[in-house]
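**Q** Sequence and predicted structure, then a few things I'm wondering about:
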Amino acid sequence: MNITKIVLENFRVYAGRQELNFQLEPKKSLFIISGENGYGKTTLLSALVWCLYGKQMAEVDDKYKNEIRSAGGYDSFLVQNLYNELSEENGSYSVSVTFSDVLLPHLPYGEVCITRSVSVGQRKEQVRILIEGKNNELTDGFTPDMFINDFILSREVAKFFFFDAEQIVFFAEAQGDIEKMRLRRAFAEVLGLKKYEDISDHLYGLRRRLREEGANKQETKELNSLQEQILESENELKHAKERLADCKEKIAHAQQRTEDLHERLHREGQSMSLEEISRLKQAKEESQKQRDKVHERFKELLNIIPFVVARKRTETLYKQVRLEEKSEPSANQVGVKIGGVVKKIRAVLQQDYDRYGKKIEEIIRESYHSHKSKVVPLLDFSRQEREDFYRLYDRLRGDATPALRDIMREYEERSRELASIRRRVQSQESKERNPIIRELRSSIEREEKSIEKTNKTLLESQEEVTILEYKIGSLRRATEKIEGKIKLDQRRQRKDAEIKKILDKLKVLTTKLMKEKAVEFETEMMKSLKELMHKDTLIDEVKVIVTRHTMEVRFYHGGIELRKSAFSKGEQQLYATALLKTLVSLSGDKFPIFIDSPLQKLDTVHSKKLLSNFYPRISDQVILLPLWEKELSTKEYETLTPMIAQTIHIEHLNGRSHFKPQYDVEVATY
């Protein structure tokens, strides 16, 4: 699948009708669209994402969600997209994308044109899809959003095809639960696992409906009440997780701004020696590591809070586990009994051969009943599960509340220590009376106060998420308990039994596929990292941890896990790029890839590897949107020339942007 044409009409800085035609050439996959800051490179990406997904573009990337939120909602966002010299009353705009070689059911590879338009005065948005230039009955059975999601590109994976090479680092780090959940959804979607999970969810819903249909009035009332509480708690959890994600994003951006301000400050004038600065940075790094360790302990303690809250039930659970363990016969006892049975069988066979069958049956039955445990196995834990539970129980014997207070107190002490080191840097900076330096110092102070304040909110949000997740789990268990008591009639029992068989088979299938795909992912990721990173000894093992809801990629060197946050900015971007390359390679999908800021934060060695090993081969059509000379130099452009199909420059005059095809001689002047 390739993009052959993009048309923007009165969309933001693109006044009037601006048409971009891609001249596809065999063995030349690269298209360069260059322009200065503010000319419309990022706007072009936004236009494409909006054309495909409309309001649902917020699900593609947080930057679009924040853009819509900052505008005051989607309706206001639509108004702001109109070219600013047109009146809202009569103004309208549109974005159109034409794809070639689209694989459609019952049709040969065809051309699909998607146009999304807005009449601002009427607040009316429309989507039109043409196949081979005409309306087609294939689109009648789908909403436009469904058609695009199923046949063009799913929202879950769009982030990996329209991405900012610098900003994707925050997503690729996947430190929090929300990022891990998004990575898990992308993993399932790209590798074809999501359809099986969707079927499972649908079948679970069918089983739930069977029980709802068979419930009496009281059971129905209780189930409805629980369902309302679950929906309310899930809504609260959604908002809590959004606050958590916002906090992490704010902290990441504030830390980046602080680093940039410090760099500017040192460039303006710094009285400290390089050696002193180096020692101070090392001390700050160590202090940061210690505070991070305390934070990790805090998160671990949060995991056992639900068991502390339900202490009485945990005690009951402990007694049951101990009871079941004691009731299990030892291997020696079982062996003795079996030996006794064998002796009796031999005796019977010698005495009366004709009656051996009946007598043997009586002896075995007698032996089984005489040693059957009187304890009903409610849990039936394995030895490993019992050991895990006992370790958890030992931790619960103490009071978790003082421990939580101690950790928070230690976190505050570590924070003060870190702030003290930062103040020492500031004390040196204060020697400079330059007004520029004073302004930089004030900006740093504001950023650090903002980080400290946001960190507090982040801890509170983490605790809120943990409590809500425990509450939802409890409500669901209560629902399952009521559903388990509901007696189904024979017809519903048969249906339920058949659905359960299918679910069991799907579980086995998806578990097997998940393990296979995880191994493929690890192998491909390691291969991509070796191709892109020049430090061959940095990473020697990749592990993918996939659960039902989350996914995490971990790196190791010599058996020791590496912290991705300790990588340089360039290494983080290369990791993100390798993640993208792995997902795209395993998907087999050759959808065009758009990359904004392609070589930002990278040194010469890494840039060369990226240009030669990654960009030309990741897809049949790769569109790079660099800032000329800063993100793509003339020398780098010359390296890519044999693989470039077309170069286009965005020109900007009197507040309007338009596309202009370029040639090698012209490009060299930019």
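**A** Yes, it's here. Numbers count the residues shown, from 1 in each chain.

**Q** in stretch 634-649, what counts as buried?
**A** Neighbour counts using 16 or more other Cβ atoms under 10 Å place 636-637, 640, 643-649 of stretch 634-649 among the buried residues. For every residue, glycine as well, the C-beta is placed using N, CA and C.

**Q** Repeat that for stretch 23-35.
**A** Buried-residue list, stretch 23-35, by 16+ other Cβ under 10 Å: 24, 28-35.

**Q** And for stretch 560-573?
**A** Quick answer for stretch 560-573 (16+ other Cβ under 10 Å): 562, 564, 567, 570-573.

**Q** swap in stretch 63-76?
**A** For stretch 63-76, the neighbour count (16+ other Cβ under 10 Å) marks 63-65, 67-69 as buried.

**Q** coming back round to it: so which of the buried residues of stretch 560-573 are in strands?
**A** Members of the buried residues of stretch 560-573 lying in strands (criterion: DSSP state E): L562.

**Q** Closest to K299 out of the buried residues of stretch 560-573?
**A** K564 (16.7 Å; Cβ to Cβ).

**Q** From Q573, how far out is that closest one?
**A** 11 Å (Cβ to Cβ, to the nearest Å).

**Q** Make JSON lines out of the buried residues of stretch 63-76 and add pLDDT and distance to E452.
**A** Shown next, in JSON lines, are those (pLDDT from 0 to 100; distance: Cβ to Cβ, whole Å):
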{"residue": "K63", "pLDDT": "80", "distance to E452": "25"}
{"residue": "Y64", "pLDDT": "85", "distance to E452": "29"}
{"residue": "K65", "pLDDT": "83", "distance to E452": "26"}
{"residue": "E67", "pLDDT": "85", "distance to E452": "27"}
{"residue": "I68", "pLDDT": "87", "distance to E452": "29"}
{"residue": "R69", "pLDDT": "80", "distance to E452": "24"}
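
**Q** Could you point out which of those is nearest to K501?
**A** Closest to K501 out of those is K65 (41.0 Å), distances taken as Cβ to Cβ.

**Q** Secondary structure class of that closest one, three-state.
**A** Following DSSP: H, G, I helix; E, B strand; the rest coil, the label given to K65 is helix.

**Q** Let me see the contact set for it.
**A** 58-59 (Cβ atoms under 8 Å, 6 or more residues apart in numbering).

**Q** Okay, it and G73: tell me how far apart.
**A** Applying Cβ to Cβ to K65 and G73 gives a distance of 12 Å.

**Q** what's the weakest-modelled helix or strand in this protein?
**A** helix 664-667 (a mean of 46; mean pLDDT, DSSP states H and E).

**Q** Restricted to strands, list the buried residues of stretch 23-35.
**A** Members of the buried residues of stretch 23-35 lying in strands (criterion: DSSP E): 30-34.

**Q** Show me the two of those residues that sit farthest apart.
**A** Farthest-apart pair in those is L30 and S34; separation 12.3 Å (Cβ to Cβ).

**Q** Just after the helix or strand Q256 falls within, pick out the following helix or strand.
**A** Assessed by DSSP states H and E, Q256 sits inside helix 217-268. Once the chain leaves helix 217-268, the next helix or strand it forms, by DSSP H and E, is helix 274-303.

**Q** That following helix to helix 217-268, inter-axis angle?
**A** On the basis of axes from the mean of the first three to the mean of the last three Cα atoms, to 10 degrees, helix 274-303 is oriented at 180 degrees to helix 217-268.

**Q** Name the residues of helix 274-303 that are buried.
**A** Buried, per 16+ other Cβ under 10 Å, within helix 274-303: 280, 284, 287-288, 290-291, 294-295, 298, 301-302.

**Q** next one: stretch 47-59
**A** Along stretch 47-59, these residues count as buried under the neighbour rule (16+ other Cβ under 10 Å): 47-54, 56-59.

**Q** just these: which has the poorest pLDDT?
**A** Lowest pLDDT within the buried residues of stretch 47-59 is found at E59 (82).

**Q** Need the phi and psi values for E498.
**A** Note on E498: its backbone torsions stand at phi -70, psi -40 [degrees, to the nearest 10].

**Q** Just give me the neighbour total for it.
**A** 11 (other Cβ atoms under 10 Å).

**Q** Next, format the buried residues of stretch 560-573 as a markdown table and append pLDDT and distance to K194.
**A** Formatted as a markdown table, these follow (pLDDT from 0 to 100; distance: Cβ to Cβ, whole Å):
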| residue | pLDDT | distance to K194 |
| --- | --- | --- |
| L562 | 82 | 30 |
| K564 | 71 | 26 |
| F567 | 72 | 30 |
| G570 | 67 | 33 |
| E571 | 72 | 31 |
| Q572 | 72 | 28 |
| Q573 | 71 | 28 |
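
**Q** For the helix or strand that contains S96, enumerate the helices and strands it packs against.
**A** Assigning secondary structure by DSSP H and E places S96 in strand 92-104. Secondary-structure packing of strand 92-104 (3 or more Cβ pairs under 8 Å, 6 or more residues apart in numbering; DSSP states H and E): strand 2-11, helix 41-53, strand 107-119.

**Q** ok, I6 to V95 distance?
**A** Relative to V95, and taking Cβ to Cβ, I6 is found at 8 Å.

**Q** ah, wrong one, I meant E197
**A** Taken as Cβ to Cβ, the span from E197 to V95 is 32 Å.

**Q** Same check on R128?
**A** Distance, R128 to V95, by Cβ to Cβ: 12 Å.

**Q** So between those two, which is more surrounded?
**A** Counted by other Cβ under 10 Å, R128 and V95 do not tie: V95 has more neighbours, with 25 against 14.

**Q** got the contact list for the more buried one?
**A** V95 neighbours (Cβ under 8 Å, 6+ apart): 6-9, 11, 47-48, 50-51, 115-117.

**Q** Output those in CSV, with distance to D596 appended to each entry.
**A** Listed next are the contacts of V95 as CSV, based on distance: Cβ to Cβ, whole Å:
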residue, distance to D596
I6, 15
V7, 20
L8, 16
E9, 22
F11, 17
A47, 13
L48, 11
W50, 15
C51, 17
T115, 23
R116, 21
S117, 25
